[in-house]
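>>> fold the stuff below for me.
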Amino acid sequence: MATKHSLNRREFLSTAAATTASLSIVPSHVLGGPRHIAPSDKIAVANIGCGTQGLREMGRLLQHPEIQVTALCDPNTYSTDYLDWSANGIRNNIRRVLGKNTWGEGLKGIPGGREVAQNYVEAYYAGQKNQASFRVSAYEDFRELLAKETEVDVVKIMTPDHLHATIAIAAMRVGKDVVMHKPIANRMKEGRLTIDAAHNTGAITHLLAWKDRPQYTLIREWIDAGLIGTLKEIHNWSYRPVWPQWPSIPTKKAPIPKGFNWDLWLGPEQDRPYHPHYTHNVFRGWYDFGGGSIADMGHYSLFPLFETLGIEVAPTQAQAYGTTLRTVENNVCKWIRNEVAFPYSCMVKLKFPKQKRLPAFDLYWYDGGMKPFEPEELEVEGKELEREGMLFVGDKGKILGGFHGENPRLLLPQEAIDAYPGRKELREMVVTPSEAYWVSAVKTREESPGSFLRAGALTEMVNLAAIALRTGKKIKYDSESMRITNDEKANEFLTRAYRKGWELA
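Numbering: from 1, shown residues only. I've put the predicted structure just below:
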């Protein structure tokens, strides 16, 4: 690293505790046998992925009385070139958790990497009773962490999407429970393999996008009562993406930053030259590395909804339209054929078959500023749809809410609403933090409501949407055989071409 960079890093690291003795964390198997955490024992967590989201959520792990962060991993040592939604959001959050308004005072830019996380964790525990000498292990390679950190109970995965399945399966196969950011995988077959691994190993798993949303229970009551008639359509729209999008593979060469292991960051993906357009919070836009806005945000809105409405069978068809692009070469306008990244905006239609409690219906996803036109009930009121929202359409009426169905409202004749004897509004909405669910699941060995085992239909839906965008065709899909039945070539997108040594089976 350059001298100036190293000096800044030393200033930053100086806030860590100076001693090197370690605090003993009693492994769970000593107290209660394999896969058992005593009620009084802390859960040892290894956090893999120390970028912006990993750091953003680190405080909740540190402050939870039943969790001890014992190991960290990231292929990036340290840098301040991350992208985020605000210039000082990460820094200020760390300051709040540590109770130190001077943390990171000399830093310029947005920090990330395993040394940042290591400093954060050790600085927090240094201020806690009986933990001043605690040291957290930091690794470059998750495989080394899994081999050496035998006392870890839970692996929390906060990496780019293309690594999710690889790390989750490896962790479960060595007896670890897994908590992970969405999606489970950005390939259909990897999602299925990961869910199968959760089933076969008996691991407790939790997808962090799951959250108890009481508003969906009210919406289900209205649908079950027949207030909107037979459900025909569900519409969900987001203003995302909020990250930069590039329509083609970078052609300019860029040096690999010192302290950054590009090979490990690529993981199972094919070799290619390093470029900063791929890494540090901009991976989501690439088909190879991310899942687009539908995987990023659709999990938050649709995973709890699928659970509440009992949507367990994957869609049978997908069709999508995305933004087109043009460029000029020698005064000639030419179409940019984008085969590598999600479009700036898109609309996706997914056909779902009959479910246990729902008839067959269509689900529509919109992002990048796209949304449905306002229903006639709003037109009469002179109102427009918000920039994010959710709309349920039946043959007799509609239900309108926020992106997660917040503040649901019946769009019906007033006399029909007045005549309904059930609940007409959500008076109280108490949401339990996600950590409470997976911590309880790990300790009791009872499946979390956000378990991977419950996310099969959603995982296949987001990956089918990506395939529809990539092919530009109406895709027909058979979930039982995991095959696209009307376009043989499109089946290539169900999986990826793995680098040697990174294959999944």
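
>>> show me where the stretch 1-150 of the chain dips below the pLDDT cut-off.
1-40 (pLDDT under 70).

>>> if we go to 90?
1-41, 106-107, 129-133 (pLDDT under 90).

>>> and the strands in it, which stretches?
Secondary structure of the stretch 1-150 of the chain by DSSP state E, counting those that start in this stretch: the strands cover 43-48, 67-73, 137-139.

>>> now those in JSON lines, with mean neighbour count?
Just so you know, the C-beta spots here come from the backbone N, C-alpha and C atoms, and that holds for glycine as well. Formatted as JSON lines, those follow (neighbours: other C-beta atoms under 10 Å):
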{"stretch": "strand 43-48", "mean neighbour count": "24"}
{"stretch": "strand 67-73", "mean neighbour count": "25"}
{"stretch": "strand 137-139", "mean neighbour count": "19"}
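
>>> which one, of these, ends up nearest to residue 249?
With C-beta to C-beta, the closest approach to residue 249 among these belongs to strand 43-48: 27.1 Å.

>>> and the angle for the closest one with strand 67-73?
Angle between the axes of strand 43-48 and strand 67-73 is 30 degrees (criterion: axes from the mean of the first three to the mean of the last three C-alpha atoms, to 10 degrees).

>>> ok, longest helix in this structure?
Counting by DSSP state H, the longest helix found in the chain is helix 456-471.

>>> and that helix, what does it pack against?
Counting contacts by 3 or more C-beta pairs under 8 Å, 6 or more residues apart in numbering; DSSP states H and E, helix 456-471 packs against helix 188-201, helix 292-296, helix 298-309, strand 317-322, strand 346-352, strand 475-478.

>>> what do you get if the cut-off is 10 Å, keeping everything else the same?
On a contact count with 3 or more C-beta pairs under 10 Å, 6 or more residues apart in numbering; DSSP states H and E, helix 456-471 meets helix 188-201, helix 292-296, helix 298-309, strand 317-322, strand 346-352, strand 361-367, strand 475-478, strand 483-484.

>>> circling back: so which of the strands of the stretch 1-150 of the chain gets nearest residue 427?
The stretch from the strands of the stretch 1-150 of the chain with the least distance to residue 427 (C-beta to C-beta) is strand 67-73; that distance is 32.8 Å.

>>> give the contact list for the nearest residue to residue 406 once chain neighbours are set aside.
Distance criterion C-beta to C-beta, 6 or more residues apart in numbering; nearest residue to residue 406, sequence neighbours excluded, is residue 215 at 5.8 Å. Residue 215 makes contacts with 304-305, 308, 390, 401-402, 404-408, 426, 429, 431, as judged by C-beta atoms under 10 Å, 6 or more residues apart in numbering.

>>> measure the spatially closest residue to residue 383 that is not a sequence neighbour to residue 199 for me?
Spatial nearest neighbour of residue 383, excluding adjacent residues (C-beta to C-beta, 6+ apart): residue 374 at 6.9 Å. Residue 374 sits 44 Å away from residue 199, going by C-beta to C-beta, to the nearest Å.

>>> residue 193 now?
Separation of residue 193 from residue 199 (C-beta to C-beta) stands at 11 Å.

>>> the more surrounded of these two?
Remark: of residue 193 and residue 199, residue 193 carries more neighbours, 20 against 14, as counted by other C-beta atoms under 10 Å.

>>> tell me the confidence at that one?
For residue 193, the pLDDT comes out at 98.

>>> ok, it touching residue 165?
Yes: between residue 193 and residue 165 there is a contact at 6.3 Å, judged by C-beta atoms under 10 Å.

>>> any shared contact partners between these two?
Common contacts of residue 193 and residue 165 (C-beta under 10 Å, 6+ apart): 184-185, 187, 504.

>>> those residues in helices, which ones?
Per DSSP H, the subset of the shared contacts of residue 193 and residue 165 in helices is empty.

>>> center of the protein - which residue?
residue 182 (2.3 Å; C-alpha atoms, centre = their mean).

>>> contacting residues around it?
161, 164, 207-210, 291, 295-300, 303, 455, 458-459, 462.

>>> just read off the phi/psi values of it.
phi -80, psi 150 (degrees, to the nearest 10).

>>> all further residue positions should be reported with the first residue as 253.
Sounds good: first residue 253 from here, last item residue 434.

>>> now do it against residue 702, distance only.
Counting by C-beta to C-beta, the gap from residue 434 to residue 702 is 10 Å.

>>> swap in residue 450?
12 Å.

>>> now for those two: what residues contact both?
residue 457.

>>> tell me what the residue lying closest to residue 389 once chain neighbours are set aside is bridged to.
What sits nearest to residue 389 in space, not counting adjacent residues and going by C-beta to C-beta, 6+ apart, is residue 323, at 4.6 Å. Assessed by DSSP bridges, residue 323 has beta-bridge partners residue 298, residue 389.

>>> equivalent analysis for the one 5 residues further on, please.
Beta-bridge partners recorded for residue 328 (DSSP bridges): residue 512.

>>> wait, what's in contact with it?
Contacts of residue 328 by C-beta under 10 Å, 6+ apart are 301-303, 334, 364-368, 392, 509, 511-514, 516-517, 531-532.

>>> change it to 7 Å
Neighbour list for residue 328: 364-366, 511-512 [criterion: C-beta atoms under 7 Å, 6 or more residues apart in numbering].

>>> between the helices and strands packed on helix 708-723, which gets nearest to residue 487?
strand 613-619 (4.6 Å).

>>> other SSEs contacting the closest one?
Applying 3 or more C-beta pairs under 7 Å, 6 or more residues apart in numbering; DSSP states H and E, one finds that strand 613-619 makes contact with strand 483-489, helix 544-548, strand 598-604.

>>> so which of those comes closest to residue 343?
The nearest among the helices and strands packed on strand 613-619, by C-beta to C-beta, is helix 544-548 at 23.2 Å.

>>> residue 531 touches residue 517, doesn't it?
Yes: Residue 531 is in contact with residue 517 according to C-beta atoms under 7 Å; the separation is 6.4 Å.

>>> on that earlier part again, now do the buried residues in the helix or strand hosting the residue nearest to residue 658.
Under the criterion of DSSP states H and E, residue 467 resides in helix 466-476. By 16 or more other C-beta atoms under 10 Å, the buried positions in helix 466-476 come out as 466-468, 470-472, 474-475.

>>> same question, stretch 574-590
If you call a residue buried by 16+ other C-beta under 10 Å, then stretch 574-590 has these buried ones: 574, 590.

>>> start to end distance for it?
Terminal residues of stretch 574-590 are spaced 10 Å apart (C-alpha to C-alpha, to the nearest Å).

>>> stretch 425-438 too?
Length of stretch 425-438, first residue to last, C-alpha to C-alpha: 20 Å.

>>> ok, stretch 701-715 next?
End to end - C-alpha to C-alpha - stretch 701-715 spans 22 Å.

>>> quick one: contacts of that stretch?
The contact list for stretch 701-715 (C-beta under 7 Å, 6+ apart) reads 435-440, 443, 446-447, 450-451, 457-459, 462, 543, 546-547, 550-551, 554-555, 558-559, 563-567, 602, 686, 689-690, 699, 731.
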